[in-house]
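Asks: sequence unknown, structure follows:
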Ligand SMILES: O=C(O)[C@@H](CO)OP(=O)(O)O
């Protein structure tokens, strides 16, 4: 069974016929109007303010600061203004690159393990693949493997904006991370970290070897723990429980930004992303069992007219399927190319 292979191999092997392996080979397509990129680039135009920060950006764009890093997923954010210009926006999902425990084939869950060398390379390669897609905001989990992935991926982005982690643990952390240059503020991308996007909590399996666990409890039982929708591992979260916080956060915090015109990158985890994809692709609890995500492969969705549709996975910055069908996206790429000259 595919689920008992090491994850490193899983990314290389073809999935069995019944496995919904996403992303698949289809290239992404989508039309993103050029105006979206400019209108929603992080820019602060206040003529009065001589000091600016990414918090002004949040206020200006009606993003509730309490909601972006708070512990509760249920708090409703301020309603972001709908922009007539933002008829289409991009949503990129990336499962983190291989971690040191993926490499050792250990259940990881909420243990905060960094990327392996291979994971670092995967994150950089993911960044190369999405280097021509606009990104205005980044969401990651609170775990280092997702944050490393987002940051490493952004080193390849051709817009060359600097991703800046939003800190609002208390008033001082807000004040002390202020940026005092309008110009600099316009050249950063806010990175919002949220525990709700963390990997499912794997309970008493955390730190155990996946193969040995399957030998001990039986492949069927362990497959149920790993892939079923509502059977939790011992003292851990089922996918349904993980979805309760991850999808709620997505709906409350991310979707409104996306539909209001922000192009968004989410770097998260196998199961938090499976639950979000289940929501986006309207998969049933039976269908989600077969959904497997590879490490470090970006997946592109396009939000348009209140709907978010899957478009595929860019395989390189010039992926024909992503850019050729979309004159505006091609124009954006051209703009980046001119910028580099
Ligand atoms: O160990 C984990 O945290 C997850 C993802 O790596 O494993 P699984 O493939 O069982 O969801």
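Replies: Done, it's in. Just so we're clear, the structure is a prediction, and the values are computed from it rather than from any experiment.
Asks: Which residue, other than its chain neighbours, is closest to residue 159?
Replies: Counting by C-beta to C-beta, 6 or more residues apart in numbering, residue 159 lies nearest to residue 336, which is 6.3 Å off, once chain neighbours are set aside. Where C-beta positions appear, they are placed from N, C-alpha and C, glycine not excepted.
Asks: Phi first, then psi, for that neighbour.
Replies: Main-chain dihedrals, residue 336, degrees, to the nearest 10: phi -60, psi -40.
Asks: That one: neighbour count?
Replies: 18 (other C-beta atoms under 10 Å).
Asks: Same question for residue 190.
Replies: Neighbour number of residue 190 under other C-beta under 10 Å is 22.
Asks: any idea which helix or strand carries the most centrally placed residue in the chain?
Replies: The centre of the chain sits closest to residue 266, judged by C-alpha atoms, centre = their mean, with a distance of 1.6 Å. Using DSSP states H and E, residue 266 falls within strand 264-268.
Asks: Packing partners of that strand?
Replies: If you count contacts as 3 or more C-beta pairs under 8 Å, 6 or more residues apart in numbering; DSSP states H and E, strand 264-268 packs onto strand 88-95, strand 137-140, helix 144-154, helix 270-280.
Asks: could you give the angle of the third one to strand 264-268?
Replies: When you say that, I think you mean helix 144-154. 140 degrees (axes from the mean of the first three to the mean of the last three C-alpha atoms, to 10 degrees).
Asks: In the helix or strand following helix 144-154, which residues are buried?
Replies: For helix 144-154, the following helix or strand on the C-terminal side (DSSP H and E) is strand 162-165. The neighbour-count check on strand 162-165 (16 or more other C-beta atoms under 10 Å) flags 163-165 as buried.
Asks: okay if I get those residues as a markdown table plus pLDDT?
Replies: As requested, the buried residues of strand 162-165 are arranged in a markdown table below (pLDDT from 0 to 100):
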| residue | pLDDT |
| --- | --- |
| 163 | 98 |
| 164 | 98 |
| 165 | 98 |
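Asks: Leaving out the residues flanking it, which one is nearest to residue 164?
Replies: For residue 164, the spatially nearest residue (C-beta to C-beta, 6+ apart) is residue 188, at 4.5 Å.
Asks: Need phi/psi at that neighbour.
Replies: According to degrees, to the nearest 10, residue 188 has phi -120, psi 160.
Asks: beta partners of it?
Replies: residue 162 (DSSP bridges).
Asks: doesn't residue 182 make contact with it?
Replies: No: Residue 188 is beyond contact range of residue 182, at 11.4 Å (criterion: C-beta atoms under 8 Å).
Asks: Can you get me the start-to-end distance on stretch 95-104?
Replies: Its first and final residues considered, stretch 95-104 spans 18 Å by C-alpha to C-alpha, to the nearest Å.
Asks: near the ligand, anything from it?
Replies: Yes: Stretch 95-104 lies within reach of the ligand by C-beta under 6 Å from any ligand atom, at residue 102.
Asks: now that stretch, how far from the centre of its chain.
Replies: 16 Å (C-alpha atoms, centre = their mean, to the nearest Å).
Asks: can you check stretch 332-341 too?
Replies: Worked out by C-alpha atoms, centre = their mean, stretch 332-341 lies 25 Å from the chain centre.
Asks: what is the mean pLDDT for it?
Replies: Mean pLDDT, stretch 332-341: 75.
Asks: still on that earlier bit, tell me the contacts of the residue nearest to residue 159?
Replies: Counting by C-beta atoms under 8 Å, 6 or more residues apart in numbering, residue 336 touches 131-132, 158-159.
Asks: same deal with residue 231?
Replies: Residue 231 neighbours (C-beta under 8 Å, 6+ apart): 224-225, 238.
Asks: now, which of those residues sits nearest the ligand?
Replies: residue 225 (7.7 Å; C-beta to the nearest ligand atom).
Asks: hang on, residue 214 in a helix?
Replies: Yes: counting by DSSP: H, G, I helix; E, B strand; the rest coil, residue 214 is located in a helix.
Asks: Go ahead and confirm it touches residue 225.
Replies: No: in this structure, residue 214 is not within contact of residue 225 by C-beta under 8 Å, at 9.8 Å.
Asks: Looks like residue 132 contacts residue 158 (just checking).
Replies: Yes: counting by C-beta under 8 Å, residue 158 is a contact partner of residue 132 at 6.1 Å.
Asks: what is in contact with those two at once?
Replies: Common neighbours of residue 132 and residue 158 (C-beta under 8 Å, 6+ apart) are 317, 336.
Asks: Chain neighbours aside, what residue packs nearest to residue 174?
Replies: residue 168 (5.2 Å).
Asks: how close does the one you found sit to residue 181?
Replies: Applying C-beta to C-beta, to the nearest Å, the value for residue 168 to residue 181 is 20 Å.
Asks: And the two? Which one has more around it.
Replies: residue 168 (16 against 13).
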